[in-house]
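[1] no sequence on this one, just coordinates:
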Ligand code: F0G
């Protein structure tokens, strides 16, 4: 017998090098992010009929969310530029990713998160990776404006998605979708929070088209939670509310990028309710074997809504990005599910419950 593959996946910087800003090999900080599966949703045919539905499961990145794709580049560049510290505001996942990559790079990490509204798994990651975690009594939007101000005036590199290297790294997810499918999907569905990801995917698809690697482009379909939908409303929201804490954002940094993705692709940015988000969250876990976090399920919720409204057609290929892992937020899983049964350690009683 022989080894079947000569090298394993090298992380997004090395794998997509020719499409990314140049970076010195010695400065690459990677946890071998990317190469996430595109999973066929075989058990949703009763909802989608002859529409092909694929799930890009970004929860399988090293820190459990898509943020790692951009963080590898942002932290590598920070290292190359000689930074000693990185800084971000976050609804949780960016802080977890920033903390992990900073620890790998030997950089200090400062993360600002809204107190009491980030999921437990994400907070535990940031703490474990040794970031200085500052819980602010305010919103994500307030945290972000403080971070912008600090990074303007002090020697610390901001790694929020306003940092262009974040978007550069994140666009590799669109490359992977094309590589896996062999073409671009008809529609690409995404949750929208700070709007960096929809901006990045669109950039990725556009670049692959410009190189002639794909010949058509998807329509970009972004979904905000109804209580946190500034782009849909056309103005910032002061006190955004949604069960999907990752996208509880009232004034997205990449607002213009999201509009550009929507308008250039002929897509939409619309809302889904918390009920629709939770319903899709449960569908994915109970039928497709995929546990994603609530915000991630906004993409599938949006696709279901679009199917109901007659926007999608038979034969379409649609991709829904599932941005983060369900284990990030065990509280929401448990709080929104029936309680496990309690039973005595008695085999007869257990068999009865099992229906035998
Ligand atoms: N899904 C998850 C799981 C997220 O963590 C985020 C954003 C989004 C979707 C939305 O992506 O901001 O690019 O539109 N989380 C950021 C954070 C804001 O701080 O972790 P976006």
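    Sure thing, it's come through. Given the structure is predicted, the values throughout are model-derived calculations rather than measurements. Numbering: from 1, shown residues only.
[2] How about the contacts made by residue 28?
    By C-beta atoms under 8 Å, 6 or more residues apart in numbering, residue 28 lies in contact with 11, 13, 14, 72, 76. C-beta coordinates here come from the backbone N, C-alpha and C atoms, glycine included.
[3] Could you measure from residue 112 over to residue 123?
    12 Å (C-beta to C-beta, to the nearest Å).
[4] What is the neighbour count of the closest residue to residue 228 other than its chain neighbours?
    In space, and not counting its chain neighbours, residue 228 is closest to residue 240: 3.5 Å by C-beta to C-beta, 6 or more residues apart in numbering. Neighbours of residue 240 under the rule other C-beta atoms under 10 Å: 22.
[5] Residue 240 should be in a strand, yeah?
    No: counting by DSSP: H, G, I helix; E, B strand; the rest coil, residue 240 is not part of a strand but coil.
[6] hang on, isn't it packed against residue 227?
    Yes: contact status for residue 240 versus residue 227: in contact at 6.2 Å, counting by C-beta atoms under 8 Å.
[7] Strands of this protein, residue ranges please.
    38-40, 52-57, 85-89, 108-114, 132-136, 157-158, 187-191, 219-225, 268-272, 317-322 (DSSP state E).
[8] Look at residue 112 and residue 123 and report which has more neighbours.
    residue 112 (23 against 18).
[9] for the more buried one, what are its contacts?
    87, 88, 89, 90, 134, 136, 143, 146, 147.
[10] Nearest residue to it in space, please, no chain neighbours.
    Nearest one to residue 112, counting by C-beta to C-beta, 6+ apart, is residue 143 at 4.1 Å.
[11] hang on, that neighbour packs against residue 113?
    Yes: Residue 143 sits in contact with residue 113 when judged by C-beta under 8 Å, with a separation of 6.8 Å.
[12] intersection of neighbour lists for those two?
    89, 90, 136.
[13] Contact residues of the protein facing the ligand?
    65, 67, 90-94, 161, 191-197, 246-247, 293, 295-296, 323-324 (C-beta under 6 Å from any ligand atom).
[14] Of these, just the buried ones, PyMOL syntax please.
    A single PyMOL command is used to select the members of the residues of the chain next to the ligand judged buried by 16 or more other C-beta atoms under 10 Å:
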select buried, resi 65+67+90+91+92+93+94+161+191+192+193+194+195+196+197+246+247+293+295+296+323+324
